[in-house]
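> Let's see this in three dimensions:
(chains A and B)
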There are 2 protein chains.
Amino acid sequence: MMNPYSNPYGQFSPLLTDLYQLTMLQSYIEHGMEDTAVFEMFVRKLPEGRNFLVVAGLEQVLDYLEYLRFSEDELTWLASRFPPHVIEYLKEFRFAGDVHALPEGTVFFPDEPIIRVTAPLPQAQLVESRIINLIHFETLIASKAARSVLVAPDKTLVDFGMRRAHGAEAGLLAARASYLAGFSGTATVLADAVYGVPLYGTMAHSYIQAHDDELEAFKHFVQSHPDNTVLLIDTYDTEKAAAKLTGLADKLARKRIQINGVRLDSGDLAEHARNVRRILDQGGLHETTIFASGNIDEYRLHALIQSGAPIDGFGIGTALDISSDAPALDCAYKLQEYADKPRRKHSEGKATWPGRKQVFRCYNDSNCFAGDVVALEDEQPHTGEPLLKQYMQSGERIQNNLPLNEIRRKTVSNYSQLPHAMKLLDTAPAYPVRISGKIKQLAEQLDARYAAKQQS
Amino acid sequence: MMNPYSNPYGQFSPLLTDLYQLTMLQSYIEHGMEDTAVFEMFVRKLPEGRNFLVVAGLEQVLDYLEYLRFSEDELTWLASRFPPHVIEYLKEFRFAGDVHALPEGTVFFPDEPIIRVTAPLPQAQLVESRIINLIHFETLIASKAARSVLVAPDKTLVDFGMRRAHGAEAGLLAARASYLAGFSGTATVLADAVYGVPLYGTMAHSYIQAHDDELEAFKHFVQSHPDNTVLLIDTYDTEKAAAKLTGLADKLARKRIQINGVRLDSGDLAEHARNVRRILDQGGLHETTIFASGNIDEYRLHALIQSGAPIDGFGIGTALDISSDAPALDCAYKLQEYADKPRRKHSEGKATWPGRKQVFRCYNDSNCFAGDVVALEDEQPHTGEPLLKQYMQSGERIQNNLPLNEIRRKTVSNYSQLPHAMKLLDTAPAYPVRISGKIKQLAEQLDARYAAKQQS
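Below you'll find the predicted structure:
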């Protein structure tokens, strides 16, 4: 059996694709349909209650395309299902196309292309499933994380969601995407090792329970981690535990050890935080911070901040890593041009805008986003900033993605350009995205051509 | 940078864990806390609208535990963050514990342990994050899939969701979990290569669009795949496409090629299916099946079946792979015993039942599930069938999991033992799960001991 975790090219197996990508590929090469195809990925509509999305996942897509090749094992497996000329084609497979995309961290809206792949048809088709899989997920999480960042810009926000993320890669990439969108870091160790995302951690209830005595548990932990002492105090009685800590702190102070913080994970977090803050302050522990976790999403976060609860940081887990209110985006990767002819999908309720497109963003006098225009790439220059950049040419990267913390900095500064109402959790008036007249004309032409054909 | 896709032990990197697992591990080994710990994973409550859950993911957990070791690269990375004695410990790390679990495919309910890990405390603690990550996700998907299987037991149900699954592993494991729960197969090629899940596939709209003519597209595909001809007919006009096919079929019949099926992906699926069935039948294509896809979940599936729409198979995508109505389960992995003493978490609203437990399932005269009892493992034999089995002893597997298609067969036969109301999509009266008197007694003893301690 194939092992998807030990790929010789350092990627998840390229067999992570839909069967039809391979059957279509076979038919394309058998019928000489290897002209240039242009596919664009876009979101059809915003999830309910959302005002914008934040794109992420491009770095993983570029890695995927750069290292995409089939191993001996995979070719052997495929050989029992596909004819020899398909196996030959896949053996030599190297992605040789162009990639244009919105830079990671860009705020975007429905109908705007977020990535465009220009490549021989069998290539551009084959990569569809994994490109969607990567961009969809990281965009989902970055967009969810952005809401918490906007609600609590001055707080420490930490991704705690790996255990209930959907599998290993989701746990890893959720840490990356939420950091990119402005989170402070993650509890997921691998995200530091792979992407350099800052790590945060405290202790589990089991740590306290395994000790016969809560205070002994605290002492043990401080001994082992004198520089990283965030103690979990809600296993039995939150306020009593806080009081025990003030006693312990006195003894530790003689050793010049400080208790950096405490974590609350149950009950009324605002009330406990106020009580604990008072107890800590009375004990002189003004520097000890309060960290809260437990079923927090952006709404609960907002309520806690509005209530003035003295909480310095938040662990946000499941709601973030599964994007609880909108666990999927209505997105698609569609053929817009083949062999130099624009193409349009006509299916009921699912028609697409044809042609190679660019997004132009306009700004008002305060440098806020004032509306986007989606136009054909070769239309006369529009006012507005063109957002799609080219990242790959003939299969080679032509510009490196920024380092992750640079992307994060730009992403967060992007938020300040959002119209005020769009920064709030409530639904704002829709942001204006205009489809250019030329695109509409082109769509009409294609419709007319199609209608004429249907009658002939 | 670490590469999580080319692990030397054929697993996702063991650094996919929460930071606190490592900081606690350090403290445990520094304080000689390596006695036997017992952790159990369970679900706290059913998602709204659900009547039962189906456990899955055990096979992946056993693989994880069996091959869990740290590579040179990982140890080097860890060495800059943890002291040498921790690195030594991790270098020699081999999971040496016992694992008891519900067999995959077992129907279960809140408060019932689904997996129990008995191992030296630092080991049992370290594996928490990934065990939850695996069992949570596959159980989520198997439980979601079961609902469609119960609604449409005689239809072909295919997992189409990889592209919007949360990352690579979710796409792969969703195919496994849904097949295990009774789906017919998946479109995800890797799931066949790794787990032997049967593959299904048709074609994309882009395939039709890339051709100047829809009929030409159909001809090309049939030429390439004479044995696997499921043609997508909704790109332009569904009924007209069906009519074209009847013409094509005549020509193909001379070559003894049959059109196996058509796929509908947009519009009113029931109405299109009726029209298409009529057109196909009039053209003599009685054998050509109709396959439908596009935003289908168990509710839409139910409505389509109730309407009598002549649809033979369904592709279920996003709703399945993200478990759209309940994208996470409220589950936990909790310390129940350490150093031979039962343990209990007391936190507000999150208290747990202590001790090593077994689930006993009772059956009525019709061999239907009639109620479960959760009891201590060493309580006098209960009537009812003990559900947890031992899979691993001292780190070695002592019984192999059944082949996946065997698990699937047992899972589906399990459904027939559900009380009738629980098989429906609506909420049924809660299934009776009784916590034994001895467990309650034990919990009270621990509470009393704790209260006494708080006063002293």
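> Run the chain-centre distance for the biggest helix by length in chain A.
Longest helix in chain A, counting residues (DSSP state H): helix A:128-151. Computed by CA atoms, centre = their mean, to the nearest Å, the chain-centroid distance of helix A:128-151 equals 3 Å.
> Do any residues in it lie close to chain B?
Yes. With CB under 8 Å from any CB of the partner chain as the criterion, chain B is reached by helix A:128-151 at A:Glu128, A:Ser129, A:Arg130, A:Ile132, A:Asn133, A:Leu134, A:His136, A:Phe137, A:Leu140. Where you see a C-beta, it was placed from the backbone N, CA and C, and this is true even at glycine.
> By neighbour count, which of the residues you listed wins?
Within the residues of helix A:128-151 next to chain B, most neighbours by other CB atoms under 10 Å in any protein chain shown means A:Phe137, with 32 neighbours.
> Let me see the contact set for that residue.
A:Phe137 makes contact with A:Gly57, A:Ala170, A:Leu173, A:Ala177, B:Ala165, B:His166, B:Gly167, according to CB atoms under 8 Å, 6 or more residues apart in numbering or on different chains.
> Chain neighbours aside, what residue packs nearest to the residue nearest the centre of chain A?
Of all residues in chain A, the one closest to the mean position by CA atoms, centre = their mean is A:Glu138, 2.3 Å from it. Nearest non-adjacent residue to A:Glu138, counting by CB to CB, 6 or more residues apart in numbering or on different chains: A:Gly57, 3.3 Å away.
> That neighbour is in contact with A:Ala181, isn't it?
No. Using CB atoms under 8 Å, A:Gly57 is not in contact with A:Ala181; the gap is 11.8 Å.
> Check what pLDDT A:Phe369 gets.
A:Phe369 carries a pLDDT value of 97.
> beta partners for A:Val374?
When assigned by DSSP bridges, A:Val374 has beta-bridge partners A:Val359, A:Ile435.
> so how many other residues sit close to the residue nearest to A:Thr411 when sequence neighbours are not counted?
Leaving aside its sequence neighbours, A:Thr411 sits nearest to A:Gly105 (CB to CB, 6+ apart; 3.2 Å). By the measure other CB under 10 Å, the count of residues near A:Gly105 is 27.
> tell me the SS of A:Gly105?
Classification of A:Gly105 using DSSP: H, G, I helix; E, B strand; the rest coil returns coil.
> Give me the phi and psi for it.
Note on A:Gly105: its backbone torsions stand at phi 90, psi -10 [degrees, to the nearest 10].
> list the contacts for it?
A:Val54, A:Val55, A:Ala56, A:Ala142, A:Leu180, A:Ala181, A:Ile407, A:Arg408, A:Lys410, A:Thr411, A:Asn414.
> Repeat that for A:Ala339.
Shown in contact with A:Ala339 (CB under 8 Å, 6+ apart): A:Asp35, A:Thr36.
> While we're on it, how confident is the model there?
For A:Ala339, the model assigns a pLDDT of 96.
> Equivalent analysis for A:Gln455, please.
According to the prediction, A:Gln455 has pLDDT 69.
> what does A:Thr186 give?
On pLDDT, A:Thr186 comes in at 98.
> what's the burial count for whichever residue of the stretch 201-350 of chain A sits closest to chain B?
Of all residues in the stretch 201-350 of chain A, A:Gly201 sits closest to chain B, at 3.1 Å by CB to the nearest CB. Using other CB under 10 Å, A:Gly201 has 24 neighbouring residues.
> can you tell me which helix or strand A:Ile208 belongs to?
Here A:Ile208 sits within helix A:205-210, counting by DSSP states H and E.
> And that helix, what does it pack against?
Packing contacts for helix A:205-210, counted by 3 or more CB pairs under 8 Å, 6 or more residues apart in numbering or on different chains; DSSP states H and E, involve helix A:214-224, strand A:230-232, helix B:19-30, strand B:36-45, helix B:121-126, strand B:330-338.
> and the longest one, average pLDDT?
So that's helix B:19-30. pLDDT averaged over helix B:19-30 gives 97.
> Tell me what angle that helix forms with helix A:214-224.
Orientation of helix B:19-30 against helix A:214-224 (axes from the mean of the first three to the mean of the last three CA atoms, to 10 degrees) gives an angle of 90 degrees.
> which residues are in contact with helix B:19-30?
A:187-189, A:199-204, A:206-207, A:210, A:220-221, A:223-225, A:228, B:33-34, B:78, B:82-83, B:85-86, B:89, B:121-122, B:125-126, B:128-129.
> Might you calculate how far it sits from the centre of the chain?
That offset, for helix B:19-30, works out to 30 Å (CA atoms, centre = their mean).
> thought A:Ile279 was touching A:Ala242?
Yes. A:Ile279 lies in contact with A:Ala242 (CB under 8 Å); the separation is 4.3 Å.
> sorry, back to before: show me just the buried residues among the contacts of helix B:19-30.
For those, a burial check counting by 16 or more other CB atoms under 10 Å in any protein chain shown picks out A:187-189, A:199-204, A:206-207, A:210, A:220-221, A:224-225, A:228, B:33, B:78, B:82, B:86, B:89, B:121-122, B:125-126, B:128-129.
> Could I get the CA-only coordinates of the helix or strand harbouring A:Lys251 as CSV?
Under the criterion of DSSP H and E, A:Lys251 resides in helix A:238-254. Below are the C-alpha coordinates for helix A:238-254, written out as CSV (Å, rounded to 0.1, in the frame of the first residue of the first chain):
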residue,chain,number,x,y,z
THR,A,238,-10.3,29.0,40.3
GLU,A,239,-10.2,31.7,42.9
LYS,A,240,-8.7,29.4,45.6
ALA,A,241,-6.0,28.4,43.1
ALA,A,242,-5.2,32.0,42.4
ALA,A,243,-4.9,32.6,46.2
LYS,A,244,-2.5,29.7,46.5
LEU,A,245,-0.4,31.2,43.7
THR,A,246,0.2,34.4,45.6
GLY,A,247,1.7,32.4,48.4
LEU,A,248,3.8,30.5,46.0
ALA,A,249,4.9,33.6,44.3
ASP,A,250,6.5,35.0,47.4
LYS,A,251,8.7,31.9,47.7
LEU,A,252,9.6,32.0,44.1
ALA,A,253,10.4,35.7,44.2
ARG,A,254,13.4,34.8,46.4
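> Thought A:Ala273 was touching A:Ala309, still the case?
Yes. Using CB under 8 Å, A:Ala309 is in contact with A:Ala273, at 4.5 Å.
> shared neighbours of those two, anything?
A:Ala292.
> When these two are compared, which one has more neighbours?
A:Ala273 (23 against 19).
> Contact partners for the more buried one?
A:Leu264, A:Ile290, A:Ala292, A:Leu304, A:Ala309, A:Pro310, A:Ile311.
> Try it again at 10 Å.
A:238, A:262, A:264, A:290-292, A:304, A:307-312 (CB atoms under 10 Å, 6 or more residues apart in numbering or on different chains).
> so how many other residues sit close to A:Ser143?
Counted by other CB under 10 Å, the residues lying close to A:Ser143 total 26.
> Return the distance of it relative to chain B.
Distance, A:Ser143 to chain B, using CB to the nearest CB, to the nearest Å: 14 Å.
> now swap in A:Leu157 and tell me
A:Leu157 is 16 Å from chain B, by CB to the nearest CB.
> circling back: out of the contacts of A:Phe137, which one sits closest to A:Glu72?
Taking CB to CB as the measure, A:Glu72 lies nearest B:Gly167 of the contacts of A:Phe137, at 25.6 Å.
> Just checking the lowest-mean-pLDDT helix or strand in chain A against chain B, any contact.
Here the helix or strand of chain A ranked lowest by mean pLDDT, DSSP states H and E is helix A:437-455, holding a mean of 87. Yes. Using CB under 10 Å from any CB of the partner chain, we find that helix A:437-455 touches chain B at A:Arg449, A:Tyr450, A:Ala451, A:Lys453, A:Gln454.
> I'd like to check the angle between that helix and helix B:214-224, please.
Relative orientation of helix A:437-455 and helix B:214-224, computed by the same axes, to 10 degrees: 80 degrees.
> which helices and strands sit right next to helix A:437-455?
With contacts taken as 3 or more CB pairs under 10 Å, 6 or more residues apart in numbering or on different chains; DSSP states H and E, helix A:437-455 sits against strand A:341-342, strand A:369-376, helix B:214-224.
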